[in-house]
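Enquirer: Next come a sequence and a model predicted from it.
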Amino acid sequence: MNCVAVIYKPAGLSSSDVVIKCRNALSKSLGQKIKCGHTGTLDPAAEGVLVLGFGKLTKLFDYVQKERKRYSAFFTFGKETDTFDREGAVVAENDFYPDIRDVRKAVKTFIGETEQIPPAYSAVNVNGVRAYKLARKGEEVRIAAKKVTIYSINIFSEYCDEFGRTAEIGLDIECGSGTYIRSICRDLAEKVGAIAYMSSLKRTACGGFTEEEAVSLDAFLSDPAACVISEKDALSKLFSFIETDKESAKRLKYGQTVAFDCDLNEFVATCDGEILGICASEGGYIKLETHLWNTL
């Protein structure tokens, strides 16, 4: 069974925890073991949209990962933790709260492509070791800055005193792959001469899959078959569908390139209603880069 589930992950569970629970539930429901994987990690402290792929749709990982994501986050000023979120140990504290006008100006500077240094407590590889493992040992973690893209960032909530001093803000952020919201919190605070930590995080959209269509983990575990999205509907969130003839379909299945006039870089190839897989197009030729077909 090739399908997708959009789970609303509760805070307190890792993405892997959710994968294991959902895989076991759907496997039991179907009476057979089925593969399952998530398409983008959500930190244990965070909640929100976690997209799971089952069967051959575990191959969607790379495609969903490079799509836009959207988050709702709260940044609290006056404290800083070693992880930059509420799960970490407090490493600094003061009673300075930035002027909301300065915060509003600083927020606007994050839009576009920018350099960002991931947090030390992250899954980034440092010489073959996860950064968080080094950080937990008390070792110095040096992570190179990388380019990330922030498409939009807007303040939707402001907690200020009568003098405009800001205790907390709520942000709606749409960003590209690899963006750390905790790093935005750190960098924003630095821009306004303050310290802050991310007090909550919710992912509201991931690769076209949204919070509105997500089901609770409990609902999925109760009736998994009723909570999945079909292969066709899931793929249509990410790709256009293009029909090929039988001869082209056969060649594609054997891994051959096929001359094909197409103005899309990637699309789902079909033939007589069968989904062949995800094709890449270049120079007037197409080739299956991800196989989803079942029979020759």
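Expert: Structure received.
Enquirer: Return the set of residues that bridge with the residue lying closest to residue 10 once chain neighbours are set aside.
Expert: Spatial nearest neighbour of residue 10, chain neighbours left out: residue 47 (5.7 Å); criterion: C-beta to C-beta, 6 or more residues apart in numbering. The C-beta positions use only the backbone N, C-alpha and C, and glycine is treated the same way. With DSSP bridges applied, residue 47 shows beta-bridge pairing to residue 202.
Enquirer: next one: residue 165
Expert: Residues in beta-bridge contact with residue 165 (DSSP bridges): residue 99.
Enquirer: so the residue nearest to residue 10 sits right up against residue 15, yeah?
Expert: No: with contact defined as C-beta atoms under 8 Å, residue 47 and residue 15 do not form a contacting pair (11.5 Å).
Enquirer: can you pull the contacts of the residue nearest to residue 10?
Expert: Residue 47 is in contact with 8, 9, 10, 11, 201, 202, 203, counting by C-beta atoms under 8 Å, 6 or more residues apart in numbering.
Enquirer: Alpha carbons of the helix or strand encompassing residue 188, as PDB, please.
Expert: Under the criterion of DSSP states H and E, residue 188 resides in helix 181-191. Only the C-alpha atoms of helix 181-191 are listed here, as PDB (Å, rounded to 0.1, in the frame of the first residue of the first chain):
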ATOM      1  CA  ILE A 181      13.600  28.600  13.500                       C
ATOM      2  CA  ARG A 182      15.700  28.500  16.700                       C
ATOM      3  CA  SER A 183      18.500  30.200  14.800                       C
ATOM      4  CA  ILE A 184      16.200  32.900  13.700                       C
ATOM      5  CA  CYS A 185      15.300  33.500  17.300                       C
ATOM      6  CA  ARG A 186      19.000  33.800  18.300                       C
ATOM      7  CA  ASP A 187      19.900  36.100  15.400                       C
ATOM      8  CA  LEU A 188      16.800  38.300  15.900                       C
ATOM      9  CA  ALA A 189      17.600  38.800  19.500                       C
ATOM     10  CA  GLU A 190      21.200  39.700  18.600                       C
ATOM     11  CA  LYS A 191      20.100  42.300  16.100                       C
END
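Enquirer: Next one: residue 10, what pLDDT does it get?
Expert: On the pLDDT scale, residue 10 is placed at 96.
Enquirer: Can you tell me how far it is from residue 48?
Expert: Applying C-beta to C-beta, to the nearest Å, the value for residue 10 to residue 48 is 9 Å.
Enquirer: neighbour-wise, which of those two wins?
Expert: Set residue 10 next to residue 48 and count neighbours by other C-beta atoms under 10 Å: residue 48 wins out with 22 against 16.
Enquirer: does the more buried one really touch residue 204, like I thought?
Expert: Yes: assessed by C-beta under 8 Å, residue 48 is found in contact with residue 204 at 6.0 Å.
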